[in-house]
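Asks: Would you be able to build a 3D model of this:
(2 chains)
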Amino acid sequence: MLSAIFFWMFASAACFFAFGVILARNPMHSAVSLVATLIALAGLFLQLHAEFLAWILIIVYTGAVMVLIIFVISLLNLHREEPINLTLARRFGITFVGIFGFMIFVYLFTDSLTGFVYPKKLPAPEEFGSAASLAADLFTRYLLPFELASILLTAAVIGAVVIARKPCEEEEPKE
Amino acid sequence: MISLNHYLILSAVLFSVGALGVLLRRNALIILMSVELMLNAANLAIVAFARYPFFREVGLAAEDLAVAGNGMVFVFLVMTVAAAEVGVGLAIIINLYRQRQTINIEIANLLQG
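Replies: As a prediction, this is how the structure comes out:
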């Protein structure tokens, strides 16, 4: 019962702040809403016994990624409002997303109404979702994807530095 | 009682909201944040599937736990990719702002046909 209360609490917070992300006029408000959404998602991860992933979500996302985004927002000093301009293609896309979301809704709801019920939550073993069990998987069976991820991160760091650095002296126009 | 469907519906809602953000907003930073929202909605679905292994009714055997761990590794790698994406995306946005003094993607349409 308590877990149901926590689920509804975190789920409603996640939905509320998710709408805040896309509806806020000020990008800074969007960023803070996204931080709140991610914290609510971390709470749901804890509900699902994915403790290590919940802490990673808080540390990596709200601690590093969102700080980076907020830093860029304040660096660029964006306070002008953007007019929302709906072209035909964009209206089409929005309709498509609406239909897509509605179809998932109908599918999942009729699934639970017609009696096809997914199994109940089983009691999780002690080590499920812990850092130790995740590391045991990550460093044995999934060693290759793990190393590829490290290569990807290195490439991303180099790419970000190359893209965002100031232009070279010879590239700069003479004033 | 909270079932897998609850988590899947929440995940679908968050994903749709993120997709709407990508379509509605013209600010590149907010589009980037909406993409993050979509990635995290997918992560929630993966973790929920890992927690509710629906291929066996009773008990959670050792091999089930191993397969459930797959979902955790998957989410871990998605988070890695998302972090890399944010790093490169922000670099591109900074460069765009340096060249155009705006991050409105309506104005940055050089590559549009």
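Asks: check whether stretch B:78-88 contacts chain A.
Replies: Yes - residues of stretch B:78-88 are located near chain A by CB under 8 Å from any CB of the partner chain, namely B:Met79, B:Thr80, B:Val81, B:Ala82, B:Ala83, B:Ala84, B:Glu85, B:Val86, B:Gly87, B:Val88. Any C-beta I mention is one placed from the backbone N, CA and C, and that applies to glycine too.
Asks: remind me, longest helix of chain A?
Replies: With secondary structure taken from DSSP state H, chain A has its longest helix at helix A:88-113.
Asks: for the helix or strand of chain B with the lowest mean pLDDT, packing partners?
Replies: Least confident element among the helices and strands of chain B, by mean pLDDT, DSSP states H and E: helix B:62-100 (a mean of 84). Where contact means 3 or more CB pairs under 8 Å, 6 or more residues apart in numbering or on different chains; DSSP states H and E, helix B:62-100 is packed against helix A:51-56, helix A:66-76, helix A:131-138, helix A:143-164, helix B:28-51.
Asks: ok, the most centrally placed residue in chain B - contacts?
Replies: For chain B, the residue lying nearest the average C-alpha position, counting by CA atoms, centre = their mean, turns out to be B:Leu39 (0.3 Å). B:Leu39 sits next to B:Val78, B:Ala82 when contact means CB atoms under 8 Å, 6 or more residues apart in numbering or on different chains.
Asks: any idea how far it lies from A:Ala14?
Replies: Between B:Leu39 and A:Ala14 the distance is 14 Å, computed by CB to CB, to the nearest Å.
Asks: Confidence-wise, which helix or strand of chain A is lowest on average?
Replies: Per-SSE averages on chain A (mean pLDDT, DSSP H and E): minimum helix A:88-113, a mean of 75.
Asks: Can you report how many residues lie near A:Phe96?
Replies: 12 (other CB atoms under 10 Å in any protein chain shown).
Asks: what about stretch A:62-82, near chain B?
Replies: Yes - contact of stretch A:62-82 with chain B is found when judged by CB under 8 Å from any CB, involving A:Ala64, A:Val65, A:Leu68, A:Ile69, A:Val72, A:Ile73, A:Leu75, A:Leu76, A:Leu78, A:Glu82.
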